[in-house]
Structures are given as structure tokens and as C-alpha cells.
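Chemist: Dropping a prediction and its sequence here:
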Amino acid sequence: MDAQVGRVEQAEGAEPVRRSDAGGCLAVAIRIPVRVVVLVLVVPVRMGWDALVVVGRFLRDAVLRPVGRALAWLGRALFVWPLVAVWRYVLVPLAKGVGWLGNVLLVVPAVWLYRWLLTPVGHALARFFTRVGAVLAAIARGLYTGLAWLGRYLAVVPAVWLYRWVLTPVGHALAWCGRQAARGVGLVVTGVGFVLYWTVRVLLVLPALAVWRWVLAPVGRVLAVVGREVADALGHAWRIAGHLSLAVGRFLGTLLRWTVAEPARWAYRSVLTPVGHAVRDTVLRPLAEAGRGAGRAARQALASTRLSVRQARADVRRMLFGEPAERKPVDRREPSAVEARTLGSSTTALTKD
């Protein structure tokens, strides 16, 4: 018995499971056609969207990020680094100098003036005005007391008598009259409101309620079922289109791999690389060796040509101007190599005979 009660309570507390035919026969009738139509319309859209996503990621990784990094480096080089240099090496020292100058020319004199001139003068004026204020306060208290006594007996006492014996009875009478008039107006307004209430209820509320109950509510339920089914169909179609787009993308990737990438890789490894090595070993290296040998021969020929030209120019100069005169030796202050002091001799150039 307790187990049955527990199962009943658990069944009552659990959330109801939504059935696929919760909308009734109408939902079942429109579900399949709507899903077929939506699937046909959504699959091209989803495949186009996936293609745009792939293109966008490629552009982001291959174009936008390098361009952004280059522009960021260029911006730092053109703007940030010059501004930092100007701030660090121009503005900061200038601000420190201006601050020191302002401190020397303004702050120190102002502090001295405040401490040794304004403070004593202010203390003296404060003492003077304190004493004068005490005298004036005593005079003001006397005047206030006299004026308060006169105001009490000339204005307050007559006003209180007038309020108590004249205005209060008149106000009570006017208030009673106002209450009676308000009661009569309230009765009239209540009657008019009752009539208007039933008129509006009969002419507007009851027809509107009938239209809502028998026309708009059924139409709304049908539209809600249709909208729910269309939304569910869109969700299912979008997911199915995603799977189809993924399958098509994988198929195209595999097709490109086996038709383009793998043949290109095989051709590069098996054909182009051996051909390149053979061309390098049989053509390029001998051509390079021959070029280097030709360069060496050309350099040697140029060197011998320059030497021959230099000798011919020297011979022409000797034929035209003769042999150059020999230069006379110039006495130097330093001792010659023969007269210089040696490690094995105790004489010097100054003590030698």
C-alpha cells in the first residue's frame, strides 16, 4: 500500500512527457509536408552558410591576421614609439623643470606670505571681529526680546482670538455644506456610472468576449500549432542540413586530397625531386664550377693587364722625364739602428765618441 502511494505521489510530482502528437490530428497532418518543404529550402542555405564560414576562416587566418599584425606594428612604429619617446625624453623632463620652477617662484613665496603675513593679520582680525560680534549679539538679543513682546500682544493674541471665535465656526459650517454637496454629487455619479457600466458591458464587453472565445482563441490555437510545427521543422531541417553539409565537405575534401594533393605530392617526391637533383648534379654544378673558373681566369687576366699597364706607364714616364732624382737622407733625432743602445752594450748615442 505504501509503495503504491509512493508511486502515485512520484507520478503526480513528475513533469508530463510531451508526446509527438500533443497538438492533435492537425499537428500530425501538417508536420510531414512542412518538414519536407522546410528541409528543401534550408539545405542550400545551410550549405552556403557553411561555405561562407570556411571562406571567412581562411581569410581570417591567411589575410586578416597577418595584415592586422603588420598594421599594428606599423602603428606602433609610426605613432606609439615616437609618442613614448616624446613623452619620456621631452614632456616629462620639461614638466619636472616647470614644476621645480613653479615651486621656487610661486609655492615657496606663497607659503612664506601665508605663514608670516596673512596668518598674523587673520588672527588679529578674528580677535577684533569676535569682540565686536559679542557686543552686537547682546544688542540684537535686547532688540529681539522687545520686538517679540510687541508682536505677541499686537499680532499673535488678536489673531488667535479671531481664529478661535470667528474662523473656526465659519469653517465648520462650510465643511458641513461641502460634505452634503459631495454626497449628492456622489449619488448622481454612482447612478450615471452604473448605467454606463451596463451599457458598455452589453454593447462592447460581451460581444468582444464572444469574439475572443469563439473566433480568436481557436484561430490562435491553430496558428500556435502551425508556428510550433514550423519552428520544429526549421530546427530539424537545420540540423539535418548541417550533417549533409559536413558530409559534403568531407567528401569534397577527400576528393581534392586524392585527386589533387596526393598526385601533386607523389609527383613532387617521385618525379620533380629526382629530376631536380639530376639537373643540379649534371647541369647546375658544372655550370657553377665553370662560372667560378671563368671568374678566376678573368680576375687573373685583369690583374696581369693592370700590371702590364702600370709597367708601360712607368716606362713612358722614364722615356719622357728621365729617371727620378734620388731623395737625400734627412737627419733624424732618433739614433739609427746601428747607433741605438743594445742590451749587450753599456754605451749610448750621447756618450759614444
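Modeler: Yep, it's here.
Chemist: show me where pLDDT drops low in the stretch 251-353 of the chain?
Modeler: 321-353 (pLDDT under 70).
Chemist: ok, which stretches of the stretch 51-200 of the chain are helices?
Modeler: All helices of the stretch 51-200 of the chain, identified by DSSP state H, counting those that start in this stretch, fall at 65-75, 81-86, 92-102, 108-113, 119-151, 157-162, 168-200.
Chemist: Report the rounded mean pLDDT for the last one.
Modeler: When pLDDT is averaged along helix 168-200, the result is 88.
Chemist: picking up where we left off before, now the helices of the stretch 51-200 of the chain as TSV including distance to residue 253 and mean neighbour count?
Modeler: From N, CA and C alone the C-beta is placed, and that goes for glycine too. Putting these into TSV (distance: least, CB to CB, whole Å; neighbours: other CB atoms under 10 Å) gives the following:
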stretch	distance to residue 253	mean neighbour count
helix 65-75	23	10
helix 81-86	45	11
helix 92-102	58	10
helix 108-113	79	11
helix 119-151	88	10
helix 157-162	102	10
helix 168-200	71	10
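Chemist: And those helices: which comes nearest residue 240?
Modeler: Using CB to CB as the criterion, the shortest distance between residue 240 and the helices of the stretch 51-200 of the chain is 33.7 Å, found for helix 65-75.
Chemist: Mind exporting the C-alpha coordinates of that closest one to PDB?
Modeler: C-alpha atoms of helix 65-75 as PDB (Å, rounded to 0.1, in the frame of the first residue of the first chain):
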ATOM      1  CA  ARG A  65      45.600  38.300 -39.100                       C
ATOM      2  CA  PRO A  66      48.900  39.000 -41.000                       C
ATOM      3  CA  VAL A  67      47.600  42.300 -42.300                       C
ATOM      4  CA  GLY A  68      46.400  43.200 -38.800                       C
ATOM      5  CA  ARG A  69      49.700  42.300 -37.200                       C
ATOM      6  CA  ALA A  70      51.600  44.400 -39.900                       C
ATOM      7  CA  LEU A  71      49.300  47.300 -39.400                       C
ATOM      8  CA  ALA A  72      49.700  47.000 -35.600                       C
ATOM      9  CA  TRP A  73      53.500  47.000 -35.900                       C
ATOM     10  CA  LEU A  74      53.300  49.900 -38.300                       C
ATOM     11  CA  GLY A  75      51.100  51.900 -36.000                       C
END
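Chemist: Can you give the contact residues for it?
Modeler: Contacts of helix 65-75 from elsewhere in the structure, counted by CB atoms under 8 Å, 6 or more residues apart in numbering, are absent.
Chemist: elements contacting whatever helix or strand residue 34 lives in?
Modeler: Following DSSP states H and E, the helix or strand that holds residue 34 is helix 25-59. Packed against helix 25-59, as judged by 3 or more CB pairs under 8 Å, 6 or more residues apart in numbering; DSSP states H and E, are the following elements: helix 217-256.
Chemist: Identify each buried residue in the helix it packs on, please.
Modeler: Across helix 217-256, burial judged by 16 or more other CB atoms under 10 Å covers 225, 229-230, 232-234, 237-238, 240-242, 245.
Chemist: could you dump the helices of the stretch 51-200 of the chain to CSV with distance to residue 256?
Modeler: Output for the helices of the stretch 51-200 of the chain, formatted as CSV (distance: least, CB to CB, whole Å):
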stretch, distance to residue 256
helix 65-75, 24
helix 81-86, 45
helix 92-102, 59
helix 108-113, 81
helix 119-151, 90
helix 157-162, 105
helix 168-200, 74
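Chemist: Tell me which of the ones you listed sits nearest to residue 267.
Modeler: With respect to residue 267, and counting by CB to CB, the nearest of those is helix 65-75 at 29.4 Å.
Chemist: just how off-centre is stretch 142-158 within its chain?
Modeler: Stretch 142-158 has its C-alpha centroid displaced from the chain centroid by 72 Å (CA atoms, centre = their mean, to the nearest Å).
Chemist: Which residue ranges of the stretch 251-353 of the chain form strands?
Modeler: The residue ranges that make up strands in the stretch 251-353 of the chain, judged by DSSP state E, counting those that start in this stretch, are empty, as it has none.
Chemist: can you pull out the helices in it?
Modeler: Under the criterion DSSP H, counting those that start in this stretch, the stretch 251-353 of the chain carries helices at the ranges 262-267, 273-279, 285-321.
Chemist: Output the ones you listed in JSON lines, with mean neighbour count and distance to residue 179 appended to each entry.
Modeler: Shown next, in JSON lines, are these (neighbours: other CB atoms under 10 Å; distance: least, CB to CB, whole Å):
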{"stretch": "helix 262-267", "mean neighbour count": "11", "distance to residue 179": "104"}
{"stretch": "helix 273-279", "mean neighbour count": "11", "distance to residue 179": "114"}
{"stretch": "helix 285-321", "mean neighbour count": "10", "distance to residue 179": "124"}
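Chemist: Indicate which one of those is closest to residue 133.
Modeler: Of all the helices of the stretch 251-353 of the chain, the one in closest proximity to residue 133, counting by CB to CB, is helix 262-267 (103.7 Å).
Chemist: Name the residues that touch that closest one?
Modeler: If you take CB under 8 Å, 6+ apart as the criterion, helix 262-267 is touched by no other residue.
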